[in-house]
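Asker: here are the coordinates; sequence isn't available:
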Ligand SMILES: Cc1cc2nc3c(=O)[nH]c(=O)nc-3n(C[C@H](O)[C@H](O)[C@H](O)COP(=O)(O)O)c2cc1C
């Protein structure tokens, strides 16, 4: 049985009792995740996409506003469109792209709207990336569309029928990995984590 065939029904909220047994797996998922930019030709079963979306659905959000929306794109021509123009052509090779949107909901969080409708979908996107990793899929966040022309964004919005009150937050490319890249380096913890005050390197005091 491949990882992708493993039963991961414990990703749903109804079986939270399995959580203690899955903690070690969770850290393995974190350690094993890489941005994957080459994918095999295998399709992704909808049952797995369902689990991945359910994992995103479990994310926390401001005032539980759940302002995220997800468009699962499997049509190769549309996937190719999302990869235009230069640099992100690997997207065309993905078997699915999940377009993560943030919907502005004025009833949720007046004043902070701009911030929350961007933050909450990012959390949900990370849930779906980690769930996909747990199932054995490769993923890549793609935010490079931001540097493209407004025309490109409008083209995508029109093609996907994205309403005016929704912003594209990120594309997540998905597929069975066809590469096994080494872990990319991370800054040392003492450079990024502080103990009580900014600049005082964090170190654990208890042994
Ligand atoms: C918000 C965000 C946007 C990203 N956008 C792109 C992108 O447009 N194209 C791309 O190839 N990778 C993109 N990445 C992937 C990063 O390059 C990658 O996460 C980083 O280099 C660390 O490598 P790793 O994910 O393998 O640990 C993005 C990642 C994040 C979190």
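Answerer: Alright, I've got the coordinates. On a predicted model such as this, the values are computed, not experimentally measured, just so you know.

Asker: which helix of the chain spans the most residues?
Answerer: If each helix of the chain is counted by residues according to DSSP state H, the longest one is helix 113-134.

Asker: Write out the residues of the protein neighbouring the ligand.
Answerer: Within the chain, the positions near the ligand by Cβ under 6 Å from any ligand atom are 34, 35, 37, 88, 140, 141, 142, 143, 144, 170, 184. Placement of C-beta: from N, CA and C, glycine included.

Asker: Report the buried members of these.
Answerer: By neighbour count, with 16 or more other Cβ atoms under 10 Å, these hold 34, 37, 88, 140, 142, 170 as buried.

Asker: Now those in a markdown table, please, with extra columns for secondary structure, pLDDT and distance to residue 179.
Answerer: As requested, these are exported to a markdown table (DSSP: H, G, I helix; E, B strand; the rest coil; pLDDT from 0 to 100; distance: Cβ to Cβ, whole Å):
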| residue | secondary structure | pLDDT | distance to residue 179 |
| --- | --- | --- | --- |
| 34 | coil | 96 | 8 |
| 37 | coil | 94 | 7 |
| 88 | coil | 74 | 16 |
| 140 | strand | 96 | 11 |
| 142 | strand | 92 | 16 |
| 170 | strand | 94 | 21 |
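
Asker: List the contacts of residue 81.
Answerer: 155, 156, 159 (Cβ atoms under 8 Å, 6 or more residues apart in numbering).

Asker: try residue 73
Answerer: Residue 73 makes contacts with 79, 82, 96, 97, 98, 99, 160, as judged by Cβ under 8 Å, 6+ apart.

Asker: Which of those sits closest to residue 129?
Answerer: Of all the contacts of residue 73, residue 129 sits closest to residue 98, with 9.2 Å by Cβ to Cβ.

Asker: Go through stretch 172-188 and flag the buried ones.
Answerer: 172, 173, 174, 175, 176, 177.
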